[in-house]
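Enquirer: sequence? don't have it. structure:
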Ligand code: ZN
């Protein structure tokens with residue numbers, strides 16, 4: 001039995017011909033919110049795909065109606081794995097997790113589990129395809145963006161709500177300007193509004209919008225089509241494009257934005273006297289727990305009605 005057989009939050013399978021590995025986020029009741037356990041298992045699953053020389057393409061998909069609603073901010077799993085005790089996830093005692101008061105602990109934890117893991121998945125030595133339905137919100141975007149291609153059904157909607165709900169300058173992996181375009185990135189962060197799969201297809205972020213109800217089947221067929229290309233060719237394509245983006249400043253921009261993100265957390269920590277890493281109502285911001293629904297960005301209205 002290998003580690004993948006013991007996963008709780010993620011499922012790992014390979015196709016009969018061995019060419020396609022499928023990783024499924026498997027917390028549908030929590031809308032695939034990203035707990036530490038899920039993120040660590042996801043990293044191990046990507047590593048398993050990378051270890052297997054037969055695998056050419058990795059599909060990242062999700063059970064349920066939601067691809068991922070973002071980082072887990074308080075489910076029972078999340079609370080248990082953060083708190084001291086037998087259920088605490090071991091990585092809350094390592095990777096900076098055991099450091100004392102100050103910003104360093106958060107910086108180290110977010111670096112390891114939100115930033116550098118996402119970047120490593122973006123640089124995986126396999127072609128990766130995100131297969132998305134429903135909400136792809138905030139940290140959900142990080143998982144989709146780390147993949148080489150994104151396919152969806154008609155229900156997929158994309159939004160980063162951390163600015164409007166938490167007072168933060170976007171999620172830790174700041175690919176927004178590269179994915180949305182510069183002006184759209186600002187607008188979507190300042191409003192927290194969403195873009196549809198159809199619109200994301202039009203501006204090139206999404207490659208296919210399959211009819212709702214067919215996503216899993218079509219994604220498998222699409223992945224098999226991409227997997228026909230020998231990896232010697234497909235990985236050179238991936239690298240040629242990724243290196244171009246890196247030479248345009250992608251990596252350094254991500255690192256710079258991550259530093260701003262940590263400065264942003266530090267601001268709220270200082271302003272709240274160390275009680276909060278994000279905006280609070282007392283500090284003039286809204287409370288994310290009582291925020292209204294995310295609405296689509298529409299060209300003809302200030303704010304769409306839900
Ligand atoms: Zn953060």
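Expert: Right, received. Where do you want to start? Please read these numbers as outputs of a predicted model, since none were measured by experiment. Numbers count the residues shown, from 1 in each chain.
Enquirer: Let me know the helix or strand that residue 144 is in.
Expert: helix 139-146 (DSSP states H and E).
Enquirer: and the gap between the residue lying closest to residue 250 once chain neighbours are set aside and residue 100?
Expert: Computed as C-beta to C-beta, 6 or more residues apart in numbering, the closest residue to residue 250 that is not its neighbour in sequence is residue 178, at 6.4 Å. Just so you know, the C-beta spots here come from the backbone N, C-alpha and C atoms, and that holds for glycine as well. Applying C-beta to C-beta, to the nearest Å, the value for residue 178 to residue 100 is 36 Å.
Enquirer: More neighbours: those two, which one.
Expert: The residue with more neighbours, out of residue 178 and residue 100, is residue 178; 17 against 6, by other C-beta atoms under 10 Å.
Enquirer: right, and the helix or strand after the helix or strand hosting the more buried one?
Expert: Residue 178 is part of helix 176-180 when elements are defined by DSSP H and E. Following helix 176-180 in sequence order, the next helix or strand is helix 182-191 (DSSP H and E).
Enquirer: centre of the chain versus that following helix, how much separation?
Expert: Put simply, helix 182-191 sits 18 Å off its chain's centre (C-alpha atoms, centre = their mean, to the nearest Å).
Enquirer: Then stretch 196-205?
Expert: Stretch 196-205 has its C-alpha centroid displaced from the chain centroid by 17 Å (C-alpha atoms, centre = their mean).
Enquirer: any idea of the mean pLDDT in the helix or strand containing residue 49?
Expert: If you go by DSSP H and E, residue 49 is part of helix 36-51. The average pLDDT for helix 36-51 rounds to 98.
Enquirer: Which positions in it come out as buried?
Expert: Across helix 36-51, burial judged by 16 or more other C-beta atoms under 10 Å covers 36-46, 48-50.
Enquirer: And stretch 238-245, by the same measure?
Expert: By 16+ other C-beta under 10 Å, the buried positions in stretch 238-245 come out as residue 238.
Enquirer: what's in contact with that stretch?
Expert: 122-123, 127, 148, 178 (C-beta atoms under 8 Å, 6 or more residues apart in numbering).
Enquirer: could you redo the residues you listed as a markdown table and give each row distance to residue 296 and pLDDT?
Expert: Shown next, in a markdown table, are the contacts of stretch 238-245 (distance: C-beta to C-beta, whole Å; pLDDT from 0 to 100):
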| residue | distance to residue 296 | pLDDT |
| --- | --- | --- |
| 122 | 27 | 98 |
| 123 | 32 | 98 |
| 127 | 31 | 98 |
| 148 | 26 | 98 |
| 178 | 22 | 98 |
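Enquirer: So among these, which ones count as buried?
Expert: Counted by 16+ other C-beta under 10 Å, the contacts of stretch 238-245 give 122, 127, 148, 178 as buried.
Enquirer: what sits against the second one?
Expert: Contact analysis of residue 127 by C-beta under 8 Å, 6+ apart lists 56-58, 148-149, 226-227, 231, 234-235, 238.
Enquirer: Next up, phi/psi of it, please.
Expert: phi -80, psi 130 (degrees, to the nearest 10).
Enquirer: quick one: it from residue 305, how far?
Expert: For residue 127, the distance to residue 305 - C-beta to C-beta - is 40 Å.
Enquirer: repeat for the third one
Expert: Shown here: residue 148 relative to residue 305, a distance of 36 Å by C-beta to C-beta.
Enquirer: re the thing from before, restricted to helices, list the contacts of residue 127.
Expert: Counted as lying in helices by DSSP state H, out of these, are 226, 231, 234-235, 238.
Enquirer: rewinding a little: of the contacts of residue 127, which is the most crowded?
Expert: Greatest neighbour count in the contacts of residue 127, by other C-beta under 10 Å, goes to residue 58: 28 neighbours.
Enquirer: Now for that residue: which residues touch it?
Expert: For residue 58, the contacting residues are 20-23, 46, 49, 124, 126-129, by C-beta under 8 Å, 6+ apart.
Enquirer: As TSV, those with secondary structure and distance to residue 94 would be great.
Expert: Listed next are the contacts of residue 58 as TSV, based on DSSP: H, G, I helix; E, B strand; the rest coil; distance: C-beta to C-beta, whole Å:
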residue	secondary structure	distance to residue 94
20	strand	33
21	strand	27
22	strand	30
23	strand	24
46	helix	20
49	helix	24
124	coil	23
126	coil	27
127	strand	32
128	strand	27
129	strand	32
